[in-house]
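> The following block contains a protein sequence and its predicted model.
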Amino acid sequence: MTVADPMITVPARVESVERETHDTFTMVLAPVEAGTRYRFEPGQFNMLYLPGVGEAAISMSGDPADTRQVVHTIRAVGRVTRLLRDLKRGDEVGLRGPFGVPWPVELARGHDVLLVAGGIGLAPLRPVLHHLLAHREQFGQICLLFGARTPQDVLFMKDIETWRGRFDVSVEVSVDRAGPSWRGRVGVVTTLIPHARVEPANTIAFICGPEIMMHYTLRELERRELAPTQAWVSMERNMKCGVGFCGHCQFGPLFVCKDGPVFRYDRVAPLLPVREV
């Protein structure tokens, strides 16, 4: 799908809305225009528009090889996202995109790949994993480390069980707190890093989650001799226009929507610990 003016929305039809957790859902959209194919790269995002309500920037969470539909996993935290959650099959939304700098999956070819996600941060990394597994022979060890607040906040549980059932990918999940019925690991996601089955000198790391989580994850990886030039992060900032006009997503000298949302870590490392940047 190609639109000459990035500020023009095109209609997309809701195919399904599936609840993931108490505040998160996955929405599958399809272009209204017959025969339209939708293409994006892992890590990019769309602007979803509801007439009379507004827009929200949402990363894609589906398989980039499936051009018949576009998948978004959304946390309902504001007016737009809460109303998106209430849509039904057949309803329409406005769609702009895709926007943004993607994860450098081609650069990772021939390397071990470490994915570290916190909470909803697993959604922008899910297309990466789809791509890695579809081209499994091009990559070394693949390891996913995922942290959630509670067992009830674990996203994509069916996918996680499928990935765990494979012999060519390592998946570790931890929760911050859990009851006696939880049989997995308990602790913040950084406690999983010693279990990562990768060789730091030959590893490319993709990290997405709350900024404080990414900060401590990167500190831990640096202690294990993973260089800042080997790590990429995805910034979840308040994006309003998607094309660098409005300034809402300014991050120091950068605009997350245009210069990111994916950045090599050494480019944003001086900014991450600075309050109110």
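Yep, it's here. Residues are numbered from 1 along each chain as shown.
> For the residue sitting furthest away from the middle of the chain, which three-state class applies?
Of all residues in the chain, the one whose C-alpha sits farthest from the chain's mean C-alpha position, using CA atoms, centre = their mean, is P180 at 30.0 Å. Under DSSP: H, G, I helix; E, B strand; the rest coil, P180 falls in the coil class.
> just M214 next, same as before
helix.
> Next one: it from G121, what distance?
Spatial separation of M214 from G121 under the definition CB to CB, to the nearest Å is 8 Å. Any C-beta I mention is one placed from the backbone N, CA and C, and that applies to glycine too.
> Mutual contacts of the two, please.
Contact criterion CB atoms under 8 Å, 6 or more residues apart in numbering; residues shared by M214 and G121: I207, C208.
> what's near enough to touch G140?
For G140, the residues meeting the contact criterion (CB under 8 Å, 6+ apart) are G110, H111, D112, V113, V198, E199, N202.
> if I've got this straight, it is in a strand?
No: the assignment for G140 by three-state DSSP gives coil, which leaves it out of any strand.
> Quick one: residues in contact with the longest strand belonging to the chain.
For the chain, the strand with the greatest residue count under DSSP state E is strand 10-19. Counting contacts by CB under 8 Å, 6+ apart, the residues outside strand 10-19 that touch it are 1, 3, 25-33, 69-70, 85, 87-96.
> Mark which of these are part of strands, please.
Among these, the residues falling in strands (DSSP E) are 25-31, 70, 92-96.
> Let's see if you can find the most crowded of those.
The residue in the ones in strands among the contacts of strand 10-19 with the most neighbours, by other CB atoms under 10 Å, is V70 (27 neighbours).
> how about the nearest residue to P210, chain neighbours excluded?
Distance criterion CB to CB, 6 or more residues apart in numbering; nearest residue to P210, sequence neighbours excluded, is G118 at 5.8 Å.
> any idea how far the closest residue to R185 other than its chain neighbours lies from L145?
Taking CB to CB, 6+ apart, and ignoring the residues beside it in sequence, R185 has S174 as its nearest neighbour in space, at 4.1 Å. S174 sits 8 Å away from L145, going by CB to CB.
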